[in-house]
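**Q** The sequence isn't on hand, but the structure is:
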């Protein structure tokens, strides 16, 4: 209790830097220290100093990593620990580049009435940032022919645009970004044969922007001697155009570089390029004929001078970097050209919004790694909802490079020294699984209790990776378990809740240490401890069995009982009416009276093996099984469930007459009615005593189920299904009881008076419960469990409703049809 009391005192003090966590940065190194007398004395001393107002500051500093990740983001997922074998690479970073588009190889071909396909062989040049453009000029007599597609090496190209002057002349332009190097076939397909000729050419361009290679396609048509089109462009770009003229050839303007021009039959076709400006005019000279022309600007690849990585997801809660805290940036790089000096003029800037956290210059360069390091002059807090951004900016001449990241061989990252890291906000023991249960400090032996750990992290729940539990029993024996995603019962925002079902096997004082782990580095943790007392406990549970005529029935009554039951203490308290009992080693043998076919019952008592004064009593029900040697019987009772809907028939609950029950063959023994099993094999109705039964002549699994389709007054309770598995014939299972409940429509709504509170604000939640009928409701309960980050102040309610802040239970009680309760 000393350790727990001191811990609670510290938590209530302003020292939220968490005196426990300062000594738990590395679990492996500090776990023993946390349990030592030295640490307890230190906590006591610190508590006394705090109590008397001694002024000092104690901050735990840890190092957290943000890893450069795909899509230019920063996150907490370590590519080394997760075995990420795929490396991402930034764009080229280079301040020396003079961007320009370079013409590579041009190939052209022409033909007269070629049919619906036409091709040429083109050699695509090797080089960086390639773009292939194909231009087509065609003419068809009396009717137009469309260009329906173009492929290069069998791969489809993308249409840039096409335009036609009726059936007199048509052009089309197609593109392919980063075409394969080498020789391949360009093939165009048409909706009909261009019977007046086709001209097609292909040119590979180098130094083209791969993300946005082209501007906007500009078309024009007319009849004149000067086919002309104005193309929107910019200085440094290269404009490409294609022309088609009816019946005659055309020549490009002298300021243009003519790529091809020919006149195979009637159509004249050609293509050219010209250096771009704000608006570039492409013009040709020809006869006074109908023409079509189209052009587009080719955009040069411009190397970046900086790249940025933005944290994703956003910061979940405030994140602090203290004055004097260290920031280290490590980037793996690939030098594309030039030579990187040992201390290049490259800056790493860390910021959020418009606030600069740190600007680090003059990194060291060695072994293809750039490393920046520096300290923070004054404390910086990144607010919740904001993001940390890393910007790498180069002013280094004579070198071009790219950053490599997000793989187990190139784990580029940012390391930040911070007092803000994972915390355990709540560490408690409950008597039922999440979200239910009442807080307990003692636990029954050999029965489940629930260890619940509420953790949070400024980077969000995804950064909380596991929680370790270390158990020390009253005999000083130890055991450990790591809670993973399978033990997570809630994960929202900054918070992740782990729960472990603990069934202690020894009476006395236990210690359970919790260590919450963040990230994949196995370095930063938060710890807490609890010391529950385990007490002797016995919960004897009723048994339901079937006997056959004149045959003794051994019943292992302890098999379903809970706690540290002692088989030697089993005694029959109330004997059966139609038979006798004997007890051997906790097994009670029921012997029916000769010729008896009566249903019977008796009670027994069992006590704890560690405390003979702790005992419990249960009832054993035995029904007569009159199944023949070649059959089985399954049955039970249909009853009206009252609150709580516990799925158990309790004496006094109403037995229901005339309710339809269906029997299904559960062929795969799954315990559910699957597709192909949804047709009943038998149907019956319950009798005046609520009982129903079916007789089967085959072994296997069966399901009994209420059929309430003909009524709106009732719904199934937890006992909607009954399941049984007959492995031999001549047996019975007469305890497949099925519950039902009266239909009542309860509507619950909840509002809050302040949706954006800050720490210290008083928040009022208002809950309304309305009974929409058709009947009055009794035993109404509403569960509304507060977040562990809120502390309860007070409550008000109408109609005498009470609230338990520990369990979150509003005990409304009765609620008449049409009435509303405000909580």
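**A** Everything's here; your move. What you are looking at is a predicted structure, and each value in this text was computed from that prediction instead of being measured.
**Q** Flag the shaky bits of the stretch 601-750 of the chain, pLDDT-wise.
**A** 643-647, 719, 744-745 (pLDDT under 70).
**Q** how about low-confidence regions in the stretch 251-400 of the chain?
**A** For the stretch 251-400 of the chain, no range has pLDDT under 70.
**Q** Domain map for the protein?
**A** 1-59, 67-94+303-418, 102-298, 538-624, 632-742, 746-822 (automatic domain parsing).
**Q** Among the ones you listed, single out whichever gets nearest to residue 476.
**A** With C-beta to C-beta as the measure, domain 1-59 is the member of the domains of the chain nearest residue 476 (11.6 Å). All C-beta spots, glycine's among them, are computed from the backbone N, C-alpha and C.
**Q** by contact count, what packs against the top strand by length along the chain?
**A** In the chain, with assignment by DSSP state E, the single longest strand is strand 326-338. On a contact count with 3 or more C-beta pairs under 8 Å, 6 or more residues apart in numbering; DSSP states H and E, strand 326-338 meets strand 346-352, strand 355-360, strand 369-375, strand 399-405, strand 413-418.
**Q** thinking again about what came up before, columns distance to residue 491 on top of the domains of the chain, output as a markdown table?
**A** Below are these laid out as a markdown table (distance: least, C-beta to C-beta, whole Å):
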| stretch | distance to residue 491 |
| --- | --- |
| domain 1-59 | 21 |
| domain 67-94+303-418 | 12 |
| domain 102-298 | 36 |
| domain 538-624 | 31 |
| domain 632-742 | 27 |
| domain 746-822 | 14 |
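**Q** Of the ones you listed, which stretch is the most buried?
**A** Neighbour counts (mean count of other C-beta atoms under 10 Å) averaged over each of those peak at domain 102-298, with a mean of 20.
**Q** Would you work out how far apart the start and end of that one are?
**A** Chord length of domain 102-298, first to last residue, is 10 Å (C-alpha to C-alpha, to the nearest Å).
**Q** Run the chain-centre distance for that domain.
**A** 49 Å (C-alpha atoms, centre = their mean, to the nearest Å).
**Q** now swap in stretch 373-386 and tell me
**A** That offset, for stretch 373-386, works out to 29 Å (C-alpha atoms, centre = their mean).
**Q** What of stretch 790-804?
**A** Chain-centre distance of stretch 790-804: 35 Å, with C-alpha atoms, centre = their mean.
**Q** Run a quick check on residue 340 versus residue 397, I expect a contact.
**A** No - using C-beta atoms under 8 Å, residue 340 is not in contact with residue 397, being 11.4 Å away.
**Q** Out of the domains of the chain, which gets nearest to residue 444?
**A** domain 538-624 (6.1 Å).
**Q** Now do the same contact list for residue 305.
**A** By C-beta atoms under 8 Å, 6 or more residues apart in numbering, the contact set of residue 305 is 93-95, 393-395.
**Q** if we go to 6 Å?
**A** Applying C-beta atoms under 6 Å, 6 or more residues apart in numbering, we find residue 305 in contact with 95, 394.
**Q** measure it to residue 260 for me?
**A** For residue 305, the distance to residue 260 equals 38 Å [C-beta to C-beta, to the nearest Å].
**Q** And residue 450, by the same measure?
**A** 79 Å.
**Q** Repeat that for residue 333.
**A** 43 Å.
**Q** ranges for the helices of this protein?
**A** 2-12, 19-22, 27-34, 37-51 (DSSP state H).
**Q** Show me the contact partners of stretch 225-238.
**A** Applying C-beta under 6 Å, 6+ apart, the contact partners of stretch 225-238 are 99, 101, 215-216, 218, 220, 239, 243, 273, 276-277, 279-284, 286, 288, 291, 293, 295, 297-300.
**Q** quick one: strands adjacent to the longest strand of the chain?
**A** When pairing is defined by DSSP bridges, strand 326-338 lines up against strand 369-375 (antiparallel), strand 399-405 (antiparallel), strand 413-418 (antiparallel).
**Q** Which among those strands is found nearest to residue 68?
**A** Checking the strands paired with strand 326-338 against residue 68 by C-beta to C-beta gives strand 399-405 as the closest, at 3.7 Å.
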